[in-house]
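A.B. asks: A predicted structure for the sequence below; I have some questions about it.
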Amino acid sequence: MNHLDVRDLHVAYRTAAGEVPAVRGVSFGIAPGSKLGVAGESGCGKSTVALALLRLLPATARVSGQVLLDGEDVLGMRWGRLRAVRWAGASIVFQGAMHSLNAVHRVGDQIAEPVLVHGQATPAQARRRVGELLEQVGLPAWRARSYPHELSGGQRQRAMIAMALACRPRLVIADEPTTALDVMIQAQILRLIDDLVTGSGISMLMISHDLSVLADTCDRLAVMYAGRVVEEGPARAVFAGARHPYGAALSAAFPRVGDPASRRAPRGLPGDPPDPADLPAGCAFRPRCPQAQDRCAEVAPVLWPAGPDRTAACVRVLSAEDARARGVPPPGESGEGGAAPAAAQAAAPAERTGGADDPGGDRAPEPEETR
Ligand SMILES: Nc1ncnc2c1ncn2[C@@H]1O[C@H](COP(=O)(O)OP(=O)(O)OP(=O)(O)O)[C@@H](O)[C@H]1O
């Protein structure tokens, strides 16, 4: 059984201007001890998914679907049970630790708090546990007596990670855990997370706009666009050869983690994501897609098989026969032309072995290549 199963999650925010459908039918699973990365540009709904998992959304959010943590539905839980699940069942590391840590309390007291609230230790045991946790995240135990402003950005993020691990959760959610940090510190924090989680049995959901960071850290990747998962599969394979044109554009925009020069100036993605309250008909990526076909205006794609253990929500992954079987117009039957034949996509080698070091090969053509 998966540690986490998210099924058909929908979240809409009520605003003065109407409802904003931020998450539109997201499903994914995380196996025990494995790491799923969720990537996508700002506004695609990543944080909304993270917050929904522990019911931390504002009261203006309308949520439906299922969030099963070890088979138990978080969305239907009573408050008492939910309080027990937060921190101990699943915990979150947010970006910008300065805003998550309380400025007027010592770091050690803040790390100890969830342990004490959950009755996992006496105050003396909690103090010892805080010292161990700080050392685990690479900080000296005496830092427990420091206030957040006495720590650097990287140290504060380490303290947040210690806090997230304090109650020995089964799932850690990390929402852009390194975004506010400089490149060198980012790499250290990612390595730390990797070391702490790998082999510990803890499952992880890591969110980032940066596909290359996730490809380096996670086992699997889900790419989100306009409130939906548009591609899912093994992390390195998705990064090296995305099946969805958005996944391909995103991996081209964020070069490899090990290439600091290129990462200081990532190539932007052309165009802007759509307004969630005013989505185009058919595929939401169509207006920006270099490989859009006429049928993309007619069909709202869902996640279709796109190779072994992979799915993508793009009509191009369907062979003509598959398309017909699923009620999707095959290429050429909507009067369009010039696009890559779907059959060619279906015949592409399904799995890459070169990983992130080998970005060529069967990668779907990037926007620059197709213009
Ligand atoms: N409280 C809110 N009220 C109304 N709309 C909201 C609220 N929070 C988020 N949204 C909208 O929901 C959509 C998804 O936002 P969300 O923050 O989940 O995206 P994201 O991918 O995490 O972006 P970022 O990387 O910038 O955090 C956006 O259009 C955003 O403007």
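C.D. replies: Nice, I can see it. Residues are numbered from 1 along each chain as shown.
A.B. asks: for the stretch 201-350 of the chain, what lies in contact range of the ligand?
C.D. replies: Taking Cβ under 6 Å from any ligand atom as the criterion, the stretch 201-350 of the chain approaches the ligand at residues 209, 276. The C-beta positions use only the backbone N, C-alpha and C, and glycine is treated the same way.
A.B. asks: which stretches of the stretch 201-350 of the chain form helices?
C.D. replies: Assigned helices in the stretch 201-350 of the chain, in chain order: 211-217, 235-240, 245-253, 260-264, 320-325, 342-347 (criterion: DSSP state H, counting those that start in this stretch).
A.B. asks: out of these, which is closest to Asp275?
C.D. replies: Asp275 lies closest to helix 245-253 among these, at 16.7 Å (Cβ to Cβ).
A.B. asks: can I get the closest one in PDB, CA atoms only?
C.D. replies: Extracted in PDB, the C-alpha atoms of helix 245-253 (Å, rounded to 0.1, in the frame of the first residue of the first chain):
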ATOM      1  CA  PRO A 245       5.800  19.500 -24.300                       C
ATOM      2  CA  TYR A 246       5.400  21.500 -21.100                       C
ATOM      3  CA  GLY A 247       7.600  19.000 -19.200                       C
ATOM      4  CA  ALA A 248      10.200  19.300 -22.000                       C
ATOM      5  CA  ALA A 249      10.100  23.100 -21.900                       C
ATOM      6  CA  LEU A 250      10.400  23.100 -18.100                       C
ATOM      7  CA  SER A 251      13.400  20.800 -18.100                       C
ATOM      8  CA  ALA A 252      15.000  23.000 -20.800                       C
ATOM      9  CA  ALA A 253      14.300  26.100 -18.800                       C
END
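A.B. asks: any idea how far it is from the middle of the chain?
C.D. replies: Its chain's C-alpha centre and that of helix 245-253 lie 15 Å apart, by Cα atoms, centre = their mean, to the nearest Å.
A.B. asks: cool, stretch 213-222 as well?
C.D. replies: Centre-to-centre, stretch 213-222 and its host chain are 9 Å apart (Cα atoms, centre = their mean).
A.B. asks: ok, now stretch 175-185?
C.D. replies: Relative to its chain's centre, stretch 175-185 lies at 15 Å (Cα atoms, centre = their mean).
A.B. asks: do the same with stretch 14-24
C.D. replies: On the basis of Cα atoms, centre = their mean, stretch 14-24 sits 21 Å off its chain's mean C-alpha point.
A.B. asks: same check, this time on stretch 166-176
C.D. replies: For stretch 166-176, the separation from the chain centroid amounts to 14 Å (computed by Cα atoms, centre = their mean).
A.B. asks: ok, stretch 36-55 next?
C.D. replies: 6 Å.
A.B. asks: out of the helices of the stretch 201-350 of the chain, the one nearest Ser42 is which?
C.D. replies: Of all the helices of the stretch 201-350 of the chain, it is helix 245-253 that lies closest to Ser42, at 12.0 Å by Cβ to Cβ.
A.B. asks: wait, what's in contact with the closest residue to the ligand within the stretch 51-200 of the chain?
C.D. replies: As assessed by Cβ to the nearest ligand atom, the ligand sits closest to Pro58 within the stretch 51-200 of the chain, at 5.0 Å. Contacts for Pro58 (Cβ atoms under 8 Å, 6 or more residues apart in numbering) come out as Tyr13.
A.B. asks: give me the three-state assignment for it.
C.D. replies: Under DSSP: H, G, I helix; E, B strand; the rest coil, the three-state class of Pro58 is coil.
A.B. asks: ok, the one 4 residues further on next?
C.D. replies: Assigned with three-state DSSP, Arg62 falls in the strand class.
A.B. asks: now do it, the pLDDT please.
C.D. replies: Listed pLDDT for Arg62 reads 97.
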